[in-house]
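Novice: Just a sequence and a predicted model for now, questions to come.
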Amino acid sequence: MLRVDLRALDRGPVETTATVKPDDPALHDVGFALAEPVRVSGRLSAAGPGQFYWSARLVTSIAASCRRCLKDITVAVEAPLDVLFTEHADSDDPSARVIPARTTAVDLGEPIREELILAVPEFAVCRDDCRGLCPRCGKDLNSGPCSCAPEPEARWAALEALRSALPPDER
Ligand SMILES: [Zn+2]
Ligand SMILES: [Zn+2]
């Protein structure tokens, strides 16, 4: 159900429900791994001559790895879809997608793909307070401290040295 017959809209809004599988051509090469199909639900309605408004929501999840501890995680993804399909090429509506005049069907695959790509976070963490891996021994610090000596605070030490070199009234 990624193509909707616009002639059906003469009888009123059309419910749009779709389950887009990860191997669907519309989701080819998105740049991340879907952990489940993308579920889309919403409605398409006529919005004046040559215009159709689609309001929907997409829900899915992706397989990723925590950027701090590298553990495999599943990240929930959800996004609204607000699209105005219009025959008016000069539309200045930011949600407008121009369609040819007298089109009889619209393809929802492309807007789903675009919104999904925008909604997927560039970086994911397993939890907000993930402590990550020790940069020296690689131990997962979520399971306790490692035996490396604490990192010397090199930058602060340098600042402190500068400060103590100043005359007392300028510190
Ligand atoms: Zn993590
Ligand atoms: Zn360590």
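Specialist: Cool, got the structure. Ligands and ions are numbered 1, 2, ... in the order given.
Novice: helix/strand/coil for residue 52?
Specialist: Following DSSP: H, G, I helix; E, B strand; the rest coil, residue 52 is assigned to strand.
Novice: What parts of this structure come near ligand 1?
Specialist: Proximity of the chain to ligand 1 (CB under 5 Å from the ion) is limited to residues 66, 68, 69, 126, 130. Any C-beta I mention is one placed from the backbone N, CA and C, and that applies to glycine too.
Novice: Next, work out how far apart the third one and ligand 2 are.
Specialist: With the distance defined as CB to the ion, to the nearest Å, residue 69 ends up 13 Å from ligand 2.
Novice: likewise the second one?
Specialist: From residue 68 over to ligand 2 the distance is 14 Å, taken as CB to the ion.
Novice: Export the residues of the chain next to ligand 1 to CSV and append columns for secondary structure and neighbour count.
Specialist: Listed next are the residues of the chain next to ligand 1 as CSV, based on DSSP: H, G, I helix; E, B strand; the rest coil; neighbours: other CB atoms under 10 Å:
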residue, secondary structure, neighbour count
66, coil, 20
68, coil, 19
69, coil, 18
126, coil, 20
130, coil, 17
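Novice: which of those residues lies closest to residue 109?
Specialist: Nearest to residue 109 out of the residues of the chain next to ligand 1 is residue 66 (CB to CB; 30.7 Å).
Novice: Test my guess that that closest one contacts residue 130.
Specialist: Yes. Residue 66 lies in contact with residue 130 (CB atoms under 8 Å); the separation is 5.8 Å.
Novice: Mind listing the shared neighbours of the two?
Specialist: Common neighbours of residue 66 and residue 130 (criterion: CB atoms under 8 Å, 6 or more residues apart in numbering): none identified.
Novice: which one of the residues of the chain next to ligand 1 sits closest to residue 26?
Specialist: Out of these, the member with the shortest distance to residue 26 (by CB to CB) is residue 66, at 28.3 Å.
Novice: Might you report the residue contacts of the closest residue to that closest one other than its chain neighbours?
Specialist: Nearest in space to residue 66, with sequence neighbours left out and distances taken as CB to CB, 6 or more residues apart in numbering, is residue 126 at 3.9 Å. Contacts for residue 126 (CB under 8 Å, 6+ apart) come out as 66, 68, 69, 71, 73.
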